[in-house]
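K.L.:
Provided below are the primary sequence and the corresponding predicted coordinates.
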Amino acid sequence: MIKIHNDIYTGAQNRKSLIDLEIPEEFNGEIIIFIHGFMGFKDWGAWHLVMHYFVQKGYGFCKFNISHGGGTSENGIDFPDPDSFGDNTFSHELEDLNQVVRWIDEKVLHWKGHLIGHSKGGAIALIGGEKMEQIHSVSTWAAIASIGERFPTGEQLSKWKSKGVKYVKNGRTMQELPQKYTLYTDYMTNKNAFDLERICTTIDKPIFVAHGEEDTSVDINNGRRLAKWSKTNLSMIKHTDHVFDSRHPWKSSKLPTPLLQLCQNTEKFLLDLKKNN
């Protein structure tokens, strides 16, 4: 049994960030790695209860903060380092995921991995999971279907390029967080590697796609496209939003009903994989 909370791993550009890992006594040999989304963090909302759900079912569970997400190794919640947020790229997040897998390797022998990515984290799960031999399946929760279409175009893109930075508001902390133009150039440099449609149509690993029916942050059409490309059925969670009725902070000791349903559907996907192998 392992229970680690707020340990430190070294991610992209040698930047330190926070990580949790729990392995139950009755460990089934499989570890779920959870990747948070844009402006998210490992301790957001009810993610700790998601971890508890899967650990109770015999899975190991790892959740971590990306290295360039605005948090620090002392404070991973309140975005005390907006400059790091500004320096983030998709390549940095993929390097973080690689380092997390290495970090787990140092703690656990003989494990099999599954990725769950929420929102933008779903894109990272697909890109990273495509080639990582430790990863045996990818689950996307309310994930984006395209990185490229999230960027500004035309005059807004030109303005971003000329200024070198644009700002996005964090609705919880009320900060204006910077995003450097290098985020876009990193995408353009790796456009094929970051093509989610290509990955879904060619990946040789099972994919589970789930989306909230009433998601206003990432429209459910994103989930429909991911499911169509990967030739799987979309797990639509009815009457719920982008975070499956979770909020931050989450004060209840129980998962919100839609998020519980999502965990159950994801677990069924993982159990079906085991039966078929």
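P.N.:
Yep, it's here.

K.L.:
alpha carbons of stretch 192-207, in PDB - could you do that?
P.N.:
The C-alpha coordinates for stretch 192-207 follow below in PDB (Å, rounded to 0.1, in the frame of the first residue of the first chain):
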ATOM      1  CA  ASN A 192       0.800  16.400 -37.100                       C
ATOM      2  CA  ALA A 193       1.900  14.900 -33.800                       C
ATOM      3  CA  PHE A 194      -0.900  17.000 -32.100                       C
ATOM      4  CA  ASP A 195      -3.600  16.100 -34.600                       C
ATOM      5  CA  LEU A 196      -6.300  14.400 -32.500                       C
ATOM      6  CA  GLU A 197      -8.300  13.200 -35.400                       C
ATOM      7  CA  ARG A 198      -5.200  11.400 -36.800                       C
ATOM      8  CA  ILE A 199      -4.500   9.900 -33.400                       C
ATOM      9  CA  CYS A 200      -8.100   8.600 -32.900                       C
ATOM     10  CA  THR A 201      -8.200   7.000 -36.300                       C
ATOM     11  CA  THR A 202      -4.800   5.300 -36.000                       C
ATOM     12  CA  ILE A 203      -4.100   4.600 -32.400                       C
ATOM     13  CA  ASP A 204      -3.900   0.900 -31.500                       C
ATOM     14  CA  LYS A 205      -5.100   1.300 -27.900                       C
ATOM     15  CA  PRO A 206      -8.700   1.300 -26.700                       C
ATOM     16  CA  ILE A 207     -10.300   4.700 -26.200                       C
END
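
K.L.:
next, the buried residues of whichever helix or strand Lys274 is part of.
P.N.:
Assigned by DSSP states H and E, Lys274 belongs to helix 257-276. Buried residues in helix 257-276, counted by 16 or more other C-beta atoms under 10 Å: 258-263, 266, 269-270, 273. Heads up, the C-betas are built off the backbone N, CA and C, glycines and all.

K.L.:
also stretch 214-227?
P.N.:
So for stretch 214-227, counting by 16+ other C-beta under 10 Å, buried means 215, 218, 220, 222-223, 225-227.

K.L.:
same thing with stretch 162-180?
P.N.:
Quick answer for stretch 162-180 (16+ other C-beta under 10 Å): 166, 175, 177-180.

K.L.:
need the contact list for the closest residue to Ala210 other than its chain neighbours.
P.N.:
Nearest residue to Ala210, sequence neighbours excluded (C-beta to C-beta, 6 or more residues apart in numbering): Ser235, at 4.0 Å. Contact analysis of Ser235 by C-beta atoms under 8 Å, 6 or more residues apart in numbering lists 208-211, 262, 265-266, 269.

K.L.:
would CSV of those residues with pLDDT and distance to Asn190 be doable?
P.N.:
Shown next, in CSV, are these (pLDDT from 0 to 100; distance: C-beta to C-beta, whole Å):
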residue, pLDDT, distance to Asn190
Phe208, 98, 25
Val209, 99, 23
Ala210, 99, 26
His211, 99, 25
Leu262, 98, 30
Asn265, 98, 31
Thr266, 98, 28
Phe269, 98, 28
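
K.L.:
how about TSV for these, with distance to Gly129 added?
P.N.:
As requested, those are arranged in TSV below (distance: C-beta to C-beta, whole Å):
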residue	distance to Gly129
Phe208	11
Val209	13
Ala210	16
His211	18
Leu262	19
Asn265	19
Thr266	14
Phe269	14
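
K.L.:
just the buried residues of the helix or strand where Ile116 lies, please?
P.N.:
Using DSSP H and E, Ile116 sits within strand 112-118. In terms of neighbour count (16+ other C-beta under 10 Å), strand 112-118 has its buried residues at 113-118.

K.L.:
and Asn75, how many neighbours?
P.N.:
13 (other C-beta atoms under 10 Å).

K.L.:
roughly how far does it sit from His110?
P.N.:
The spacing between Asn75 and His110, counted by C-beta to C-beta, to the nearest Å, is 35 Å.

K.L.:
likewise for Thr266?
P.N.:
Distance from Thr266 to His110, by C-beta to C-beta: 23 Å.
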